[in-house]
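sequence and predicted structure are below.
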Amino acid sequence: MIEGKNIWKSFGQDTILERLNFKVEKGEFVTLVGASGCGKSTLLNMLLGTSTPTKGKLLLDGEAIPDQPNADRGIVFQHYSVFPHMTVLENVVATRGFQKNGVTGYLFGSAKKKAVGEAKSMLEQVGLKHVFNKYPSDLSGGMRQRLAIAQTLLANPRVLLLDEPFGALDPGIRAEMHELVLSLWKEHQLTVFMVTHDLKEGFYLGTRLWVLDKIRLDPTFHNAYGANITYDLPVGQTDSELYQGIKSDLNKTLAVMP
Amino acid sequence: MKRLTIYKPKSSTHIFLGMLPFVLLLLVYMGGSSARLADNPNDKLLPSFSTMGDAVKRVAMEPSKRTGEYVLWSDTASSLKRLGFGLSIAALIGLVLGIMTGALPVFSSALTPLITVISLVPPLALLPILFIVVGLGEVSKVALITIGIAPMIARDISRRAQEIPDQQLVKALTLGANSMQIILRVYLPQLLPHLFNSIRLAMGAAWLFLIAAEAIASTDGLGYRIFLVRRYLSMDLILPYVAWITLLAFIIDWLLIKLNQKLFPWFEAVGKS
């Protein structure tokens, strides 16, 4: 469970976020929308650990979120999310190598064999069966994001963070990626936070939609007041039992998918 | 007629245009040479190609009367050995320092000012110090090349390391990587192709230091030879030596390009995107 308690974030005089309070249960799929500059990415970075709240507490299962990225939280960025010098397969095998507590992160013998097997089945799940030996630069934008997702999921993170992952993709490809993310979310029972600037995407994907916006706006100094969660909408109908809710949301979501 | 800014020559024209200046230079040289030789058959300034050919034959195919060595080849071997050692050591030092300062802010704080200052010292000004400290032997020449090149490479690699997108580093952390793994698996492989390019750029300076060091204190080497025969105005040997040095530089550069493409097939595409 992730909990925010009266979180503020400011850079010098600029207040980006103020008085943020939230609770997110395991298995929820939260999408964050809002105008640029309203702290979507700032909030995601705090969840990721590359940024810390100026005031307040951000808790993961009751403990403060570490102030640097680690294997608890997986991330898929819009760009540069995979390693360009590794082939598709090596990119995913690297996940297992990094998990091993060694100096080089290279795997040998049976450990390597096992990792390669796992990587291959993960790549098949995301639809990258035929490009194991290609380099990311040979892939299309959509395929690169599939690779980034496979790489992240193999690390089995407790929280999956998506930072405008499909922002640079064509609409058709984006719809395919939505389908993929929803099916993986269901299968791996992930907790997901996704930042998007596409309100429609925010509405149709996930179980919960957050709109970040400034409640008070100073017309001469925009960052005098920070943004807050102005809408916290369950997308579709959430049942009392979360699992059922997730399932029906999923079906609803899938039904409206183009 | 297309505008010149968008007109691109056909491939045959392209090659012809590329060769043209070389041919013109040769013709100019031959004209000048035969004109001077017609005036004075003993002229040494612009020797004919046959004289140069004789001189090359003497140094390349006949053992020296004094030492019994084939001078051109033993000179080439000594020079390339110095160049190879100097460049390799410089590349290794530059790579290690560059990665450390580029990847680890703590090391950057501690070392970047020092590297910057060292890179500003004119290496040739250090040559007398090297001669005093390590003597006139091989070490001083290799050390000159190393001192001259390593800071250049270190700074270049450091900058390249900082250009690696933060996203990749964060991603590696979220996959569970520790600092050493990130250096060895994310930084190092992506910096090696840059190291090759950096060596290529440093090659010109390396030859400069090599020839300077050989000219001042040496008993063999390409640089030693041309400065030696200068005393006898032996343009017939100096010109072929200069051409030979240029050819060697060209071949080394070409090999480095090919090796880079072979070892790092992903690199070119990444540079483009």
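Happy to help now that I have it. Nothing here was measured: the structure is a model prediction, and the numbers come from that model.

which strand residues bridge A:Arg73?
A:Val159 (DSSP bridges).

what about the helices in chain A?
With DSSP state H as the criterion, chain A has helices at A:40-48, A:88-99, A:109-125, A:141-154, A:171-188, A:199-204, A:242-256.

of these, which is nearest chain B?
Closest to chain B of these is helix A:88-99 (Cβ to the nearest Cβ; 3.9 Å). C-beta coordinates here come from the backbone N, C-alpha and C atoms, glycine included.

close to chain B, is the closest one?
Yes - under the criterion of Cβ under 8 Å from any Cβ of the partner chain, chain B is reached by helix A:88-99 at A:94-95, A:97-99.

what is that helix packed up against?
Helix A:88-99 sits against helix A:109-125, helix A:141-154, with contacts defined as 3 or more Cβ pairs under 8 Å, 6 or more residues apart in numbering or on different chains; DSSP states H and E.

now, of the ones you listed, which is deepest in the fold?
Of those, the one with the most neighbours on average (mean count of other Cβ atoms under 10 Å in any protein chain shown) is helix A:141-154, at a mean of 24.

give me the distance from it to the chain's centre.
Its chain's average C-alpha position is 12 Å from that of helix A:141-154, according to Cα atoms, centre = their mean, to the nearest Å.

same question for stretch B:252-259.
With Cα atoms, centre = their mean, you get 11 Å for stretch B:252-259.

for it, C-alpha coordinates in CSV please.
Extracted in CSV, the C-alpha atoms of stretch B:252-259 (Å, rounded to 0.1, in the frame of the first residue of the first chain):
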residue,chain,number,x,y,z
ILE,B,252,45.8,3.1,-38.2
ASP,B,253,42.9,5.4,-38.5
TRP,B,254,41.1,3.1,-41.0
LEU,B,255,41.8,0.1,-38.8
LEU,B,256,40.3,1.9,-35.8
ILE,B,257,37.2,2.8,-37.8
LYS,B,258,36.7,-0.8,-38.9
LEU,B,259,37.4,-2.2,-35.5
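
in chain A, which residue is closest to the centre?
Centroid check for chain A by Cα atoms, centre = their mean gives A:Leu161 as the closest residue, at 1.9 Å.

any idea how far the closest residue to that one other than its chain neighbours lies from A:Leu199?
Distances taken as Cβ to Cβ, 6 or more residues apart in numbering or on different chains place A:Ile75 nearest to A:Leu161, at 4.7 Å, with adjacent residues excluded. A:Ile75 sits 22 Å away from A:Leu199, taking Cβ to Cβ, to the nearest Å as the criterion.

more crowded one of those two?
A:Ile75 (28 against 13; other Cβ atoms under 10 Å in any protein chain shown).

tell me the pLDDT at the more buried one?
With respect to pLDDT, A:Ile75 scores 94.

for it, what are its contacts?
A:48, A:69, A:81, A:152, A:160-163, B:170-171, B:174 (Cβ atoms under 8 Å, 6 or more residues apart in numbering or on different chains).

what's the answer for B:Ile182, then?
Here B:Ile182 is in contact with B:103, B:169, B:172-173 (criterion: Cβ under 8 Å, 6+ apart).

if you set the cut-off to 7 Å instead, what comes out?
Counting by Cβ atoms under 7 Å, 6 or more residues apart in numbering or on different chains, B:Ile182 makes contact with B:169, B:172.

try B:Leu175
A:71, A:95, A:98, A:151, A:155.

nearest residue to the second one other than its sequence neighbours?
To tie it back to what came earlier, the one meant is A:Thr95. Spatial nearest neighbour of A:Thr95, excluding adjacent residues (Cβ to Cβ, 6+ apart): A:Leu154 at 4.3 Å.

tell me the contacts of the one you found?
If you count contacts by Cβ under 7 Å, 6+ apart, A:Leu154 has them with A:92, A:95-96, A:118-119, A:122.

export these as CSV, with columns for pLDDT.
Formatted as CSV, those follow (pLDDT from 0 to 100):
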residue, pLDDT
A:Val92, 94
A:Thr95, 92
A:Arg96, 91
A:Glu118, 91
A:Ala119, 92
A:Met122, 91
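
among those residues, which two are most distant?
Farthest pair in the contacts of A:Leu154 (Cβ to Cβ) is A:Arg96 and A:Met122. Separation: 10.3 Å.

one step back: now the helices and strands packed on helix A:88-99 as TSV including distance to B:Met19?
Formatted as TSV, the entries for the helices and strands packed on helix A:88-99 read as follows, by distance: least, Cβ to Cβ, whole Å:
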stretch	distance to B:Met19
helix A:109-125	50
helix A:141-154	43
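
B:Ile216: which of these is closest?
helix A:109-125 (54.0 Å).

that closest one - contacts with which helices or strands?
helix A:88-99, helix A:141-154 (3 or more Cβ pairs under 7 Å, 6 or more residues apart in numbering or on different chains; DSSP states H and E).

what angle do it and helix A:88-99 make?
Here helix A:109-125 runs at an angle of 130 degrees relative to helix A:88-99 (axes from the mean of the first three to the mean of the last three Cα atoms, to 10 degrees).

which bits of the stretch 51-200 of chain A sit near chain B?
Neighbours of chain B within the stretch 51-200 of chain A, by Cβ under 7 Å from any Cβ of the partner chain: A:68-71, A:73-75, A:77, A:79-81, A:83-85, A:94-95, A:98-99, A:103-105, A:135, A:137, A:151, A:155, A:157.

can you do 6 Å?
Residues of the stretch 51-200 of chain A lying near chain B by Cβ under 6 Å from any Cβ of the partner chain: A:69, A:71, A:73-75, A:77, A:80-81, A:84-85, A:95, A:98-99, A:103-105, A:135, A:137, A:155.

so who does residue 123 touch?
In the absence of a named chain, chain A is used. By Cβ atoms under 6 Å, 6 or more residues apart in numbering or on different chains, the residues touching A:Leu123 are A:Ala150.

please refer instead to chain B.
Contacts for B:Pro123 (Cβ under 6 Å, 6+ apart) come out as B:147-148.

do you know how far it is from B:Glu138?
From B:Pro123 to B:Glu138 the distance is 17 Å (Cβ to Cβ).

pLDDT below threshold where in chain B?
Along chain B, segments meeting pLDDT under 70 span B:271-273.

tell me the centre residue of it?
Of all residues in chain B, the one closest to the mean position by Cα atoms, centre = their mean is B:Met203, 1.7 Å from it.

and residue 136, how many residues sit next to it?
Going with chain A. Per other Cβ under 10 Å, the neighbour tally for A:Pro136 reads 24.

you answered for a different chain; I wanted chain B.
B:Leu136: 15 neighbours (other Cβ under 10 Å).

need the residues of chain B near chain A, please.
Within reach of chain A by Cβ under 6 Å from any Cβ, chain B has these residues: B:165, B:167-168, B:170-171, B:173-177, B:180-181, B:184-185, B:189-190, B:266, B:269-270.
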